[in-house]
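Enquirer: need a 3D model of the following:
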Amino acid sequence: MNQEDVLRALATVKDPELQRDIVDLGMVRDIVLDDTRIGATVVLTTAGCPLRNQIRADVEEALTAIAGSRAVEVKFDAMSAQERDALADRLRERDQLVQSLFGPGSKTRTIAVASGKGGVGKSTVTANLATALAARGHAVALIDADVYGPTIPLMMGLPAVPPETHNGKMLPPEAHGVKVVSMGFFLPDNEPVVWRGPMLSRAIEQFLGDVLWGSPDYLLIDLPPGTGDIALTIAQMIPGAELIVVSTPQEAAARTAIKAAKMARMTKQRVMGVIENMAYFVCPDCGGRHYIFGRGGAFEIARLMDTQLLGRIPLDQATREGGDAGVPAALDPASPVGAAFAEIAQIIDGSLERPAESGDDTD
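Expert: Below you'll find the model as predicted:
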């Protein structure tokens, strides 16, 4: 164990008033770590902080979880007036930056891509949709917020190495016309992310506010499967974000996908539509469609949530091969998958109206 482990544990503790973790707020000093003790000094914004006991209890709980046989020591100090002013300025600057880039009135259209469960190809859809929008001449940014399975770097053909920085801000690498930031850039191969909600939220805040994005036309966010802290963080930080739900036709996938759509409604986000992935397989010999995962599931989600079915993506071996090779299928608009993403991008752009769909296809 080292001091970084202590900081990671303390980053799970939020200031109850500011609702940010105490490490990000600069409230942690003088870490103590030896064979018999583990502890830190927490610097409060004011000596008479009424939430002192709650903060102590939360810090002690976080440290006890990693202490082993060590005794836990928590001390307190108070910020000077200059330190309080500097903290207030830093918080105001980050919030203003995020709002100016992605908040109401921004020219950037933010689209979060969600699914009710894993395994439906959400990240594949996100990477290809970003590529298709870039192919239409748009400036596109992509945040891989699927921190437990950050596969966007692989799918976009980007090396899993930390981005370069300029004046303390990350320079997002670009592939296929898309600027990308991912937790995958910062993790050793096959290293799991074992973080609590506050640390995950802090990472997303940094991806939004500490990256030199420029002025993108579109920001796509690949959310983790299901509903959780990251989806809530996006809803709170970018209240104007829209949501696309990805599902397979299978009833089990559709049922869980509805939960993601309902959460968006609860947080006042617009559900733009549903994309049905792995909708069918086209036989290379006879050209007939085979509905391996059933049919109609995504249409039912769209009907229940009073939104549109944006498109159906066929199950295709080339899509998987392109994803593994870092060459999204959307780069080839003449292919069935590429054409499907090109049409969805056109619908999102508002230049093509989605035709009325029934819950069934004709072969």
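
Enquirer: show me the shaky parts of this structure.
Expert: Along the chain, segments meeting pLDDT under 70 span 19, 92-105, 188-201, 227-228, 351-363.

Enquirer: go again using 50 as the cut-off
Expert: 358, 362 (pLDDT under 50).

Enquirer: helices of that one, start to end?
Expert: 3-10, 52-67, 81-102, 122-135, 152-156, 197-209, 229-237, 251-266, 297-304, 317-325, 336-349 (DSSP state H).

Enquirer: check those for me and report the most buried one.
Expert: helix 122-135 (a mean of 28; mean count of other C-beta atoms under 10 Å). For glycine as for every other residue, the C-beta is placed from the backbone atoms N, C-alpha and C.

Enquirer: which strands and helices lie in contact with that one?
Expert: Judged by 3 or more C-beta pairs under 8 Å, 6 or more residues apart in numbering; DSSP states H and E, the packing partners of helix 122-135 are strand 109-114, strand 140-144, helix 152-156, strand 178-182, strand 218-222, strand 242-247, helix 317-325, helix 336-349.

Enquirer: the third one: how far from the chain's middle?
Expert: Okay, so that is helix 152-156. Centroid displacement of helix 152-156 relative to its chain, using C-alpha atoms, centre = their mean, to the nearest Å, is 14 Å.

Enquirer: same check on the longest one?
Expert: On the basis of C-alpha atoms, centre = their mean, helix 336-349 sits 22 Å off its chain's mean C-alpha point.

Enquirer: ok, now the fourth one?
Expert: Strand 178-182 has its average C-alpha position 11 Å from the chain's average C-alpha position, going by C-alpha atoms, centre = their mean.

Enquirer: also the first one?
Expert: If you compare the mean C-alpha spot of strand 109-114 with that of the full chain, they lie 9 Å apart, counting by C-alpha atoms, centre = their mean.

Enquirer: next, the most centrally placed residue in the chain: phi, psi?
Expert: Closest residue to the average C-alpha location of the chain: Ala145 at 2.3 Å, with C-alpha atoms, centre = their mean. Here is the backbone geometry of Ala145 (degrees, to the nearest 10): phi -90, psi 10.

Enquirer: circling back to that earlier point, what would the helices of the chain look like in TSV with distance to Met27?
Expert: Below are the helices of the chain laid out as TSV (distance: least, C-beta to C-beta, whole Å):
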stretch	distance to Met27
helix 3-10	9
helix 52-67	9
helix 81-102	9
helix 122-135	35
helix 152-156	32
helix 197-209	13
helix 229-237	20
helix 251-266	31
helix 297-304	43
helix 317-325	42
helix 336-349	42
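
Enquirer: any idea which of these gets closest to Gly26?
Expert: Nearest to Gly26 among the helices of the chain is helix 81-102; the distance by C-beta to C-beta comes to 6.5 Å.

Enquirer: any idea how far the nearest residue to Thr124 once chain neighbours are set aside is from Phe281?
Expert: Nearest non-adjacent residue to Thr124, counting by C-beta to C-beta, 6 or more residues apart in numbering: Gly323, 5.6 Å away. From Gly323 across to Phe281, the span is 17 Å (C-beta to C-beta, to the nearest Å).

Enquirer: just Asp15 next, same as before
Expert: According to C-beta to C-beta, Asp15 stands 52 Å off from Phe281.

Enquirer: between the two, which one's more packed in?
Expert: Asp15 (21 against 16; other C-beta atoms under 10 Å).

Enquirer: for that one, phi and psi?
Expert: The phi/psi pair for Asp15 (degrees, to the nearest 10) is phi -70, psi 120.

Enquirer: thinking it is in contact with Ile55, fair?
Expert: Yes - Asp15 lies in contact with Ile55 (C-beta atoms under 8 Å); the separation is 7.1 Å.

Enquirer: joint contacts of the two?
Expert: By C-beta atoms under 8 Å, 6 or more residues apart in numbering, Asp15 and Ile55 have these common neighbours: Ile22.

Enquirer: is Ile66 in contact with Val6, as I believe?
Expert: Yes - contact criterion C-beta under 8 Å: Ile66 and Val6 qualify, at 7.4 Å.

Enquirer: identify the contacts common to those two.
Expert: Joint contacts of Ile66 and Val6 (C-beta under 8 Å, 6+ apart) are Ile38.

Enquirer: so the residue nearest to the centre of the chain sits against Pro224, correct?
Expert: Yes - at 6.8 Å, Ala145 and Pro224 qualify as touching, with contact defined as C-beta under 8 Å.

Enquirer: list the residues that contact both of those two?
Expert: Ile230.

Enquirer: just to revisit the earlier point, how near is the residue nearest to Thr124 to Asp35?
Expert: 48 Å.

Enquirer: cool, Met305 as well?
Expert: For Met305, the distance to Asp35 - C-beta to C-beta - is 56 Å.

Enquirer: give me the more crowded residue out of those two.
Expert: Met305 (20 against 8).

Enquirer: so the more buried one sits against Val271, correct?
Expert: Yes - using C-beta under 8 Å, Met305 is in contact with Val271, at 5.4 Å.

Enquirer: the residue lying closest to Gly322 once chain neighbours are set aside: neighbour count?
Expert: Spatially, and ignoring its direct neighbours in sequence, Gly322 is nearest to Ala329 (4.9 Å; C-beta to C-beta, 6+ apart). Using other C-beta under 10 Å, Ala329 is surrounded by 26 other residues.

Enquirer: could you measure from Ala329 over to Val147?
Expert: Following C-beta to C-beta, the distance that separates Ala329 from Val147 is 25 Å.

Enquirer: do Arg8 as well
Expert: Arg8 is 14 Å from Val147, by C-beta to C-beta.
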